[in-house]
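*Asks:* quick one: sequence plus predicted model below, questions after.
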Amino acid sequence: MEGPGIDEVIYTEEQIRAKVAELAGRITEDYKECTEGSPLLLIGILKGAFIFLADLARQIEVPLEFDFMALSSYGSATKTSGVVRILKDLDTDITGRSMLLVEDIIDTGLTLNYLMGNLRARGPSSLEICAFLNKRVANKVDLPIKYEGFSIPDVFVVGYGLDFAEKYRNLPYVASIK
Ligand code: IMP
Ligand code: MG
């Protein structure tokens, strides 16, 4: 067989569903001032966040809009250097907007740290982070993660949007690979 295979399931579909519902409940509560005229803006970081974002957004009960960014980090394929290139920028002018960045996983945190600085400079009225997974022990910067799904050990995981060389994103669960 080519490449690594699935090792063990870390979070099942049911565990993920419960966690997404919990996060969406908190977000609904925290953003209840959002209206049709002043909706929440969810920013999905491509590609990994697309499945989490889709599930999360459908459980948030305040008016919201979507935008997306695609980033690429220079350096090795498996570890981020902190130098980030914007491959796809927002379509939206975010001045004065309530924004929630939705990310699949935070490893070193360097990618989001760069992005937070970049976005803050554009003058949103608020900017928070919602990360499905956080490898806390691998964090190199202290990010203000308001909404965190699961804190995981420093193992490489796939599924629920996360890939290894573009594979496994469609798995409905999160698993480690071997
Ligand atoms: P950071 O800048 O080191 O926090 O890099 C975060 C990015 O690295 C994530 O958005 C993922 O694209 C990727 N990444 C980090 N750890 C994993 C993993 O365990 N599985 C899949 N992708 C990962
Ligand atoms: Mg990513």
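*Replies:* Nice, thanks for sending it over. Ligands and ions are numbered 1, 2, ... in the order given.
*Asks:* and the helices in the chain?
*Replies:* 13-30, 50-57, 110-120 (DSSP state H).
*Asks:* most tightly packed of the ones you listed?
*Replies:* Mean neighbour count (mean count of other CB atoms under 10 Å) peaks for helix 50-57 among the helices of the chain, with a mean of 20. Quick note: C-beta positions are derived from backbone N, CA and C, even for glycine.
*Asks:* mind putting the helices of the chain into JSON lines with mean pLDDT and distance to ligand 1?
*Replies:* JSON lines is the format used below for these (pLDDT from 0 to 100; distance: least, CB to the nearest ligand atom, whole Å):
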{"stretch": "helix 13-30", "mean pLDDT": "98", "distance to ligand 1": "15"}
{"stretch": "helix 50-57", "mean pLDDT": "98", "distance to ligand 1": "11"}
{"stretch": "helix 110-120", "mean pLDDT": "95", "distance to ligand 1": "3"}
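*Asks:* near ligand 1, which residues of the protein?
*Replies:* Within the chain, the positions lying close to ligand 1 (CB under 6 Å from any ligand atom) are 48, 80, 103-111, 156-158, 162.
*Asks:* so which of the residues you listed sits lowest on pLDDT?
*Replies:* Least confident of the residues of the chain next to ligand 1 in the model: Thr80, at 68.
*Asks:* residues contacting the nearest residue to Pro144 once chain neighbours are set aside?
*Replies:* Residue nearest to Pro144 in three dimensions, not counting chain neighbours: Ile129, with 6.6 Å by CB to CB, 6 or more residues apart in numbering. Shown in contact with Ile129 (CB atoms under 8 Å, 6 or more residues apart in numbering): 100-101, 103, 112, 116, 143-147.
*Asks:* equivalent analysis for Glu61, please.
*Replies:* Here Glu61 is in contact with 24, 28 (CB under 8 Å, 6+ apart).
*Asks:* neighbours around the nearest residue to Arg85 once chain neighbours are set aside, how many?
*Replies:* Once flanking residues are discounted, Arg85 sits nearest to Ser72: 4.9 Å by CB to CB, 6+ apart. Number of residues near Ser72 (other CB atoms under 10 Å) recorded here: 13.
*Asks:* need the helices of the chain in CSV with distance to Asn134, can you?
*Replies:* As requested, these are exported to CSV (distance: least, CB to CB, whole Å):
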stretch, distance to Asn134
helix 13-30, 12
helix 50-57, 13
helix 110-120, 10
